[in-house]
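Sharing a model prediction with you, sequence too.
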Amino acid sequence: EIGMGLTGFGVFFLFFGMILFFDKALLAIGNVLFVAGLSFVIGLERTFRFFFQKHKMKATGFFLGGVLIVLVGWPLIGMILEIYGFFLLFRGFFPVVVGFIRRVPVLGYLLNLPGISSLVDKVGESNNMV
């Protein structure tokens, strides 16, 4: 429960920090809370194993490097690196997320619109293992 709360607050602070024109303090707090919450949710050992798998080292470097750059004081560059690393790290989960969202009544209808459907299909057909 604590981990979910920390992760939720981390996402909130990250979102709020981006809305307020990449506020350094909010983004730094959001990053720390997100990583700490993730560690509480899945455990320290599993978090370490997830981030430091051999095939995910590039993604981990971008994500944690972005966190470090935000903490140093360059929020825009840091968030760009973080977002790129986040997508590389979690791209194996995208097919599951797309499949879930397609079953939600209103969102599923929106994802099946002609222009959006082909884009969502490309995101949802990732063959990479998590």
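Thanks, I have the structure now.

now the helices for the protein?
Applying DSSP state H to the chain gives helices spanning 2-19, 24-42, 44-51, 57-72, 75-90, 94-103, 105-111, 114-124.

Buried ones in the shortest one, by neighbour count?
To tie it back to what came earlier, the one meant is helix 105-111. residue 111 (16 or more other C-beta atoms under 10 Å). From N, CA and C alone the C-beta is placed, and that goes for glycine too.

Packing partners of that helix?
Here helix 105-111 touches helix 94-103, helix 114-124, going by 3 or more C-beta pairs under 8 Å, 6 or more residues apart in numbering; DSSP states H and E.

neighbouring contacts of the last one?
I take that to be helix 114-124. Under the criterion C-beta atoms under 8 Å, 6 or more residues apart in numbering, residues 94-95, 98-99, 102, 110-111 lie in contact with helix 114-124.

if we can go back for a sec, export the helices and strands packed on helix 105-111 as TSV, with columns for mean pLDDT, distance to residue 15 and mean neighbour count.
Below are the helices and strands packed on helix 105-111 laid out as TSV (pLDDT from 0 to 100; distance: least, C-beta to C-beta, whole Å; neighbours: other C-beta atoms under 10 Å):
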stretch	mean pLDDT	distance to residue 15	mean neighbour count
helix 94-103	84	17	13
helix 114-124	80	21	11
